[in-house]
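Novice: sequence first, predicted model second:
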Amino acid sequence: MKRMILVLVILLMTTAMVFAGGGQSSTSTGGPTRISVEVFDRGSDGGRSQANNNAWTNWIQQKVLKDLNIEVTFVPVGRWSEDTDIVNLMASNSAPDLCYTYNEAMITQFSQMGGILDLAPYIDSLLPDFKKLLGEDTAIPGQDFIYRNRETATGRIYSVRSVVVNAGGQRNVFIRKDWLDRLGLAVPRTAQEFYNALVAFRDRDPGNVGRNRVVPYGQDSDARWGLASIINTYINASSERELWINRFGDTPVSAPGYKEGVRLMNRWYNEGLIYHDFPLMRVADDYHNMLKSGVVGAFSGNMDIVYRTDYNINVELAQNVPGAEFVPVDYPGTKDASDKAGLYIFVPSSSRNPEAALRYLNWLSINENYNFLQIGNVGVNHEIVNGVPRVLSTPAGHAWFQNSQYNIDYTLPLNGIQLGNTELNSRVVAQAYGNIPADTIINAITIANRNSRAQPVNPGVVVTTLGTYGQTLRDKGDALLAQSITASVANFDRVWDAGYQDWLSSGGQAVLDERATLWPANRR
């Protein structure tokens with residue numbers, strides 16, 4: 001709905017919009033070049049400072065003036081009203097020289113109306129450090145990430161993306177280490193060992209919770225997420241094209257091999273290994289309380305869910321069952337990874353100094369600049385522990401208080417801490433988990449990332465049929481998953497095949513057909 005409203009607003013404003021020609025620099029008299037840069041305004045709650053006038057913006061302004069002879073002015077845009085704020089700025093021909101947004105529809109509309117500068121001619125000449133910092137596109141092997149939004153037909157690039165530094169494995173499988181210890185079993189390293197452990201939990205009840213209460217594998221109604229760590233390892237598409245065509249929405253029922261992964265879950269369910277009433281477990285707190293109660297032997301969830309302080313799963317489990325602990329399992333097979341694409345960064349065609357704006361973006365991509373913005377001053381924003389910066393809780397209202405974590409509102413190329421390699425980045429992230437040892441968190445991150453891959457993307461492509469059938473297909477996909485898993489083994493194929501045909505006739509085939517025509521001919 002929000003995007004629909006945005007499009008309508010833009011269309012209504014079209015007649016009033018007049019964009020100046022791109023690439024026009026203001027006349028230089030030897031003095032500094034002036035540019036304006038968007039910055040998210042998150043308000044003053046929590047001790048935040050004025051978004052466009054604080055110690056961080058002052059530091060940026062002084063150093064950019066010294067390094068590039070560019071004067072930077074920051075233009076605040078409401079974080080939660082960015083859509084309308086940016087539209088109004090673009091419509092009035094007063095948008096900053098360098099802008100950013102999370103709204104893909106906005107970029108599409110502005111580019112179609114001639115409101116955004118094509119950045120392709122400037123990549124190599126003005127953005128070399130930005131290009132190097134972003135690195136390779138994990139979703140398009142062999143391509144630099146800076147080209148993620150390049151139009152296939154024209155080669156134009158109307159926006160470049162920031163990189164989500166800690167994007168990686170989405171989920172982990174967790175298992176009760178105390179139960180394994182009582183059974184004399186090691187943490188499973190193979191699929192067969194994991195299955196054997198579930199059977200042992202069922203048959204031998206190592207937690208003494210009662211044979212009728214023990215839940216070898218815990219699961220709630222969101223089976224498409226909680227069982228994905230197992231089911232998705234069966235997906236065996238022969239090419240990126242085949243994978244992209246079939247992996248859309250949340251339940252990729254048409255993906256090659258997916259049915260066989262569901263068949264395995266059906267077998268486990270009928271063997272009493274998966275929580276019997278999982279389709280009825282619809283309240284998240286109820287599910288988490290079951291995990292904490294001590295009756296569950298294994299489950300899958302967000303990569304760090306058992307360690308997060310907002311869930312306290314391991315903490316409260318140990319309170320209920322002294323010595324109990326969930327630990328991650330490196331379940332074999334290819335794991336799903338999150339895409340590392342973040343913000344859309346663009347230069348309006350109305351910019352009077354687009355080259356200076358891009359030089360500033362490149363300046364932000366140099367280590368000494370983004371590093372200070374991310375970790376700040378020693379003793380104020382961080383301290384060094386074992387060679388790694390540990391973020392301090394800077395008092396609210398302090399001059400160097402960061403309005404956003406790691407100052408992501410100012411470090412446009414980066415969303416997340418970047419210290420040069422995954423291990424150092426993970427060690428910084430690990431310090432946000434209270435008293436949990438850093439090595440414990442790093443182990444969970446490492447396991448989630450190992451043998452993981454982001455799903456293929458097809459930049460700039462709009463699949464119109466998804467807007468028509470998306471919600472229906474999601475609902476039918478979820479129903480198909482639950483019904484197929486809970487069917488008898490003998491009825492599995494009948495239930496799956498009937499539900500899959502219904503999914504296809506309810507719009508699934510239309511989406512598949514359209515996606516098949518949209519994959520670029522030059523990609524396999």
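Specialist: Okay, I see it. Numbers count the residues shown, from 1 in each chain.
Novice: show me what contacts Gly297?
Specialist: Residues in contact with Gly297 (C-beta atoms under 8 Å, 6 or more residues apart in numbering) are Ile175, Arg176, Trp179, Ala197, Leu198, Phe201, Gly207, Val214, Val215, Pro216, Tyr217, Gly218. In this view, the C-beta of every residue, glycine as well, is placed from N, C-alpha and C.
Novice: what backbone torsions are found at it?
Specialist: When quoted as degrees, to the nearest 10, the phi and psi of Gly297 stand at phi -100, psi -30.
Novice: so where do the strands sit in this protein?
Specialist: For the chain, strands defined by DSSP state E occupy the ranges 33-41, 70-78, 99-101, 160-164, 171-176, 215-217, 296-302, 326-329, 335-337, 341-346, 382-385, 388-391, 414-415, 452-454.
Novice: just put these in TSV and tack on distance to Asn353 and mean pLDDT.
Specialist: Below are these laid out as TSV (distance: least, C-beta to C-beta, whole Å; pLDDT from 0 to 100):
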stretch	distance to Asn353	mean pLDDT
strand 33-41	5	97
strand 70-78	8	97
strand 99-101	14	97
strand 160-164	18	96
strand 171-176	45	98
strand 215-217	59	98
strand 296-302	43	97
strand 326-329	50	98
strand 335-337	38	94
strand 341-346	15	95
strand 382-385	34	91
strand 388-391	34	89
strand 414-415	23	94
strand 452-454	35	90
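Novice: tell me the domain ranges of this protein?
Specialist: 2-165+342-369, 170-219+274-337+421-460, 231-257+468-524 (automatic domain parsing).
Novice: helices and strands around the lengthiest helix in the chain, which ones?
Specialist: In the chain, with assignment by DSSP state H, the single longest helix is helix 464-486. Secondary-structure packing of helix 464-486 (3 or more C-beta pairs under 8 Å, 6 or more residues apart in numbering; DSSP states H and E): helix 223-226, helix 258-270, helix 492-503, helix 509-518.
Novice: what angle do the longest one and helix 464-486 make?
Specialist: Here the directions of helix 258-270 and helix 464-486 differ by 30 degrees (axes from the mean of the first three to the mean of the last three C-alpha atoms, to 10 degrees).
Novice: list the buried residues of helix 258-270.
Specialist: Buried residues in helix 258-270, counting neighbours by 16 or more other C-beta atoms under 10 Å, are found at Tyr258, Lys259, Gly261, Val262, Arg263, Leu264, Met265, Asn266, Trp268, Tyr269, Asn270.
Novice: likewise the third one?
Specialist: Across helix 492-503, burial judged by 16+ other C-beta under 10 Å covers Phe492, Val495, Trp496, Gly499, Tyr500, Trp503.
Novice: report the central residue of the protein.
Specialist: By C-alpha atoms, centre = their mean, the mean C-alpha position of the chain lies nearest to Ser338, the distance being 4.9 Å.
Novice: nearest spatial neighbour of it, skipping sequence neighbours?
Specialist: Spatial nearest neighbour of Ser338, excluding adjacent residues (C-beta to C-beta, 6 or more residues apart in numbering): Ala167 at 4.3 Å.
Novice: from Gly342, how far out is the one you found?
Specialist: Distance from Ala167 to Gly342, counting by C-beta to C-beta, to the nearest Å: 8 Å.
Novice: same question, Arg427
Specialist: Taking C-beta to C-beta as the measure, Arg427 and Gly342 are separated by 22 Å.
Novice: with Gly460 instead?
Specialist: Using C-beta to C-beta, Gly460 is found at 17 Å from Gly342.
Novice: low-confidence ranges in the protein?
Specialist: 1-29 (pLDDT under 70).
Novice: what ranges does the stretch 51-200 of the chain have for its helices?
Specialist: 55-68, 82-91, 104-112, 123-126, 128-134, 177-183, 191-204 (DSSP state H, counting those that start in this stretch).
Novice: among the ones you listed, which comes closest to Ser44?
Specialist: Closest to Ser44 of the helices of the stretch 51-200 of the chain is helix 55-68 (C-beta to C-beta; 15.3 Å).
Novice: packing partners for the closest one?
Specialist: If contacts are counted by 3+ C-beta pairs under 8 Å, 6+ apart, helix 55-68 sits against strand 70-78, helix 354-363, helix 367-375.
Novice: tilt between the second one and helix 367-375?
Specialist: Relative orientation of helix 354-363 versus helix 367-375 (the same axes, to 10 degrees): 70 degrees.
Novice: which outside residues touch helix 354-363?
Specialist: With contact meaning C-beta under 8 Å, 6+ apart, helix 354-363 is reached by 22-25, 33-35, 37, 64, 67-68, 70, 72, 97-98, 117, 119, 122, 126-130, 345, 347, 351, 369, 412-413.
Novice: from the residues you listed, which would you call buried?
Specialist: Using 16+ other C-beta under 10 Å, the buried members of these are 22-23, 33, 35, 37, 64, 68, 70, 72, 97-98, 117, 119, 122, 126-127, 129-130, 345, 347, 351, 369, 412-413.
Novice: hmm, Ser159 is touching Leu117, no?
Specialist: No: with contacts counted by C-beta atoms under 8 Å, Ser159 stays clear of Leu117, the gap being 9.8 Å.
Novice: shared neighbours of the two, which are they?
Specialist: Common neighbours of Ser159 and Leu117 (C-beta under 8 Å, 6+ apart) are Phe346.
Novice: spit out the contact partners of the residue nearest to Ile345 when sequence neighbours are not counted.
Specialist: Closest residue to Ile345 apart from its sequence neighbours, by C-beta to C-beta, 6+ apart: Tyr100 at 4.7 Å. Contacts for Tyr100 (C-beta under 8 Å, 6+ apart) come out as Glu38, Ser162, Leu343, Tyr344, Ile345, Phe346, Leu412.
Novice: next, format the helices and strands packed on helix 464-486 as CSV and append distance to Ala139.
Specialist: Output for those, formatted as CSV (distance: least, C-beta to C-beta, whole Å):
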stretch, distance to Ala139
helix 223-226, 20
helix 258-270, 20
helix 492-503, 26
helix 509-518, 16
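Novice: nearest to Pro389, of the ones you listed?
Specialist: helix 223-226 (33.3 Å).
Novice: which helices and strands does that closest one pack with?
Specialist: strand 296-302, helix 464-486.
Novice: buried set for stretch 156-172?
Specialist: Buried residues in stretch 156-172, counted by 16+ other C-beta under 10 Å: 156-172.
Novice: can you get me a residue count around the closest residue to Phe299 other than its chain neighbours?
Specialist: In space, and not counting its chain neighbours, Phe299 is closest to Gly218: 4.0 Å by C-beta to C-beta, 6+ apart. Applying other C-beta atoms under 10 Å, we find 22 residues neighbouring Gly218.
Novice: list phi and psi for Gly218.
Specialist: Gly218 has phi and psi values of phi -80, psi 140 when expressed as degrees, to the nearest 10.
Novice: check contacts around it.
Specialist: Residues counted as contacts of Gly218 (C-beta under 8 Å, 6+ apart) are Tyr275, Tyr287, Met290, Leu291, Val296, Gly297, Ala298, Phe299.
Novice: my guess is the last one contacts Arg176. True?
Specialist: It refers to Phe299. No: if you go by C-beta under 8 Å, Phe299 and Arg176 don't touch, sitting 9.7 Å apart.
Novice: joint contacts of those two?
Specialist: The contact lists of Phe299 and Arg176 share Phe326, where a contact means C-beta under 8 Å, 6+ apart.
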